[in-house]
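Asker: I need the structure of the sequence given here:
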Amino acid sequence: MNRFGIGLVVVWLWMSSAVGGLAAPATPQGESEQKLTSIQALTSVGNSLIYAGSFGHGLFRSEDRGATWARSGQGVTDPFILTLTTGRDGAIYVGTFRGGVFRSRDRGTSWQAINSGLKHLEIKSLLAAGEVLYAGTADGVYQLSAANDRWSVVATGLSDILVHALALSSDGTLFAGTSGKGILRFKAQSTGWVRQQQGLKDHEGMVENFIRVLTIDPEGSLYAGTFDGGVFRSIDAGVTWRAISRALPNDSIRGILFNSRGLFVATGHGIFKTVDKGKQWMPLNKGLTSMSVQVLIESGAGLLYAGTSEGAFRSDDDGQTWRSINQGLEGEESPAPFSLR
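Answerer: Predicted structure coming up:
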């Protein structure tokens, strides 16, 4: 990453992650002439109810596993959705580009802003862990108090640092993936965030400090997906890292998930699966008409959803085949995010 000017890199990273590329392919014959919405975030409640956050067209909800969609954003003042998560109590939380955090307790019928205590309103990641909600923002990591709906800084050390990803280990260690500062961790009762000193070196020896995805598998291994350096794995709580994606054809990582049948990775050019911790990667792209994947989630055994720069897709067979689920997601050209400030 350090072979480019930092300012130019950050702008390029934001644009590529937000819109998935500038060139739009021609509309396939027989499909709607309306522009398909870029889906940046997904979350599910049970087996049938799913929410989709778009970049420029707000929120959508489906009660039939994506077969049909309806708008669901009354009260959400920013149509540029960056992240979604579901709380233990079924509440839905949405993080936006410049409007902060919103919550719905009535299945998406209405939404309320919960931004008290936040310094910046750009919310890149939300993590619901038990009764606690964490937010990765443009000013570090915050925690929401259930008592008064007020945010407070988790710990010192991340002021004015953009946090793209969060993960919580079984021992309570909180990991933050940042833009430019790599990965940091915070342990309860410690004095502040600690940066992982070893760094993530790719197969070319470059240290990757722009982290987009963090997740922890059932065995406790930590995985990091970078903006353009592939996937890394740590088996010692982030002390050391090993690149596992040299055989992966695309290094822009947008999502990582696990189930009993393997490790799935969403990239800037499709979805891939490994069953041997990255030695081999199998493409899972049959039926995907948009390969610029922005988000990947699982909802029930073998049921996967993918959000792309051109709509949403569902797989009922663990990613072997995909079908477009865009009825109700079509829209006009979205406004530029800065034009609405």
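Asker: all helices in this structure, in order from the N-terminus.
Answerer: Taking DSSP state H as the test, the helices found in the chain are 6-19.
Asker: Phi, psi for the closest residue to Phe55 other than its chain neighbours please.
Answerer: The shortest distance from Phe55 to any residue other than its chain neighbours is 4.5 Å, reached at Ser38 (CB to CB, 6 or more residues apart in numbering). From N, CA and C alone the C-beta is placed, and that goes for glycine too. Taking degrees, to the nearest 10, you get phi -80, psi 120 for the backbone angles of Ser38.
Asker: Count the residues that sit near Ser38.
Answerer: 26 (other CB atoms under 10 Å).
Asker: And for Gly311?
Answerer: Other residues close to Gly311 by other CB under 10 Å number 23.
Asker: So it versus Arg246, what's the distance?
Answerer: For Gly311, the distance to Arg246 under the criterion CB to CB, to the nearest Å works out to 31 Å.
Asker: The residue nearest to Phe55 is in contact with Gly56, isn't it?
Answerer: Yes. Distance between Ser38 and Gly56: 7.0 Å, which falls inside the contact criterion (CB atoms under 8 Å).
Asker: Look up the closest residue to Asp160, ignoring the ones flanking it.
Answerer: Asp139 (5.7 Å).
Asker: Also Trp151?
Answerer: Take Trp151 and drop its neighbours on the chain: the residue closest to it by CB to CB, 6+ apart is Gly117, 3.6 Å away.
Asker: List the contacts of the one you found.
Answerer: When the contact criterion is CB atoms under 8 Å, 6 or more residues apart in numbering, the partners of Gly117 are 142, 150-152.
Asker: cool, and Leu84?
Answerer: With contacts taken as CB under 8 Å, 6+ apart, Leu84 has the following neighbours: 41-43, 51-53, 92-95, 126.
Asker: Return the per-residue confidence for Trp12.
Answerer: Among the per-residue scores, Trp12 shows a pLDDT of 37.
Asker: Same question for the one 5 residues further on.
Answerer: Ser17 is assigned a predicted lDDT (pLDDT) of 44.
Asker: And the one 5 residues further on, by the same measure?
Answerer: Looking at Leu22, its pLDDT stands at 36.
Asker: measure the residue nearest to Trp151 to Thr137 for me?
Answerer: When distances are taken as CB to CB, Gly117 and Thr137 turn out to be 11 Å apart.
Asker: same deal with Ser234?
Answerer: Using CB to CB, we find Ser234 at a distance of 24 Å from Thr137.
Asker: Which of these two has more residues huddled nearby?
Answerer: Counted by other CB under 10 Å, Ser234 and Thr137 do not tie: Thr137 has more neighbours, with 27 against 21.
Asker: What residues are bridge-paired with the more buried one?
Answerer: Listed by DSSP bridges, the beta-bridge partners for Thr137 are Ile123, Gly140.
Asker: Near Ala113, how many other residues are there?
Answerer: Here the number of neighbours of Ala113 (other CB under 10 Å) works out to 17.
Asker: Give the closest residue to it in space, chain neighbours not counted.
Answerer: Across the structure, with CB to CB, 6+ apart as the measure, the residue nearest Ala113 apart from its sequence neighbours is Phe102 (5.5 Å).
Asker: what does the model give the nearest residue to Val213 once chain neighbours are set aside for pLDDT?
Answerer: With CB to CB, 6+ apart as the criterion, Val213 has its nearest non-adjacent residue at 3.3 Å, and that residue is Gly225. At Gly225, the model reports a pLDDT of 97.
Asker: Distance check, Gly225 against Lys181.
Answerer: Separation of Gly225 from Lys181 (CB to CB): 16 Å.
Asker: So for those two, which sits in the more crowded spot?
Answerer: Neighbours around Gly225 and Lys181, counted as other CB under 10 Å, are more numerous at Gly225. The numbers are 27 against 19.
Asker: Report the beta-bridge partners for that one.
Answerer: Under the criterion used (DSSP bridges), Gly225 bridges to Val213, Val231.
Asker: What distance do you get for it to Asp217?
Answerer: Where Asp217 is concerned, Gly225 sits at a distance of 13 Å (CB to CB).
Asker: ok, for Asp318, nearest residue in space, not its chain neighbours?
Answerer: Closest residue to Asp318 apart from its sequence neighbours, by CB to CB, 6+ apart: Gly302 at 4.4 Å.
Asker: Check whether that neighbour really touches Arg314, as I assumed.
Answerer: No. Gly302 is beyond contact range of Arg314, at 10.9 Å (criterion: CB under 8 Å).
Asker: of these two, who's got more company?
Answerer: More crowded of Gly302 and Arg314, by other CB under 10 Å: Arg314, with 20 against 14.
Asker: Surely the more buried one touches Asn326?
Answerer: No. Counting by CB under 8 Å, Asn326 is not a contact partner of Arg314; they are 10.4 Å apart.
Asker: got a list of what Ala237 touches?
Answerer: By CB under 8 Å, 6+ apart, the contact set of Ala237 is 169, 173, 185, 220, 222.
Asker: let me fix that: Leu184
Answerer: Neighbouring residues of Leu184 by CB under 8 Å, 6+ apart: 157-158, 175-176, 178, 193-196.
Asker: Now, of those residues, which are buried?
Answerer: Among the contacts of Leu184, those classed as buried by neighbour count (16 or more other CB atoms under 10 Å) are 157-158, 175-176, 178, 193, 196.
Asker: Which one of the residues you listed is nearest to Arg65?
Answerer: Distance to Arg65 across the buried ones among the contacts of Leu184 (CB to CB) is lowest for Phe175, with 31.6 Å.
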